[in-house]
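Asks: structure here, sequence nowhere to be found:
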């Protein structure tokens, strides 16, 4: 789960773009969490704790 959230935040500035490079800044102040991060946490919370 941490890998999924980290990947979403790191790739957030490239969302909607076709990027082929594997060279990028891991720490960038323009990065942000997206709706995918929120939904991942919500599903995990529901599975672990319930309704």
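Replies: Here it is on my side, so go on. This structure is a prediction, so every number in the text was calculated from the model and none was measured.
Asks: need the contact partners of stretch 16-32.
Replies: Stretch 16-32 is touched from outside by 9-10, 12-14, with contacts defined as CB atoms under 8 Å, 6 or more residues apart in numbering. For glycine as for every other residue, the C-beta is placed from the backbone atoms N, C-alpha and C.
Asks: 10 Å instead?
Replies: Here stretch 16-32 makes contact (CB atoms under 10 Å, 6 or more residues apart in numbering) with 6, 8-15.
Asks: residues in contact with the worst-scoring helix or strand of the chain on mean pLDDT?
Replies: Among the helices and strands of the chain, helix 2-10 carries the lowest confidence by mean pLDDT, DSSP states H and E, at a mean of 89. For helix 2-10, the external contacting residues (CB under 10 Å, 6+ apart) are 15, 24-28, 31-41, 44.
Asks: re the thing from before, in PyMOL, select just the buried ones from the contacts of stretch 16-32.
Replies: Buried residues within these, by 16 or more other CB atoms under 10 Å, are selected in PyMOL with:
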select buried, resi 8+9+12
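Asks: how much space separates residue 7 from residue 38?
Replies: 15 Å (CB to CB, to the nearest Å).
Asks: what about residue 5, neighbour count?
Replies: Per other CB atoms under 10 Å, the neighbour tally for residue 5 reads 17.
Asks: gap between it and residue 31?
Replies: Residue 5 is 12 Å from residue 31, by CB to CB.
Asks: quick revisit: list only buried entries from the contacts of helix 2-10.
Replies: 31, 36-37, 40.
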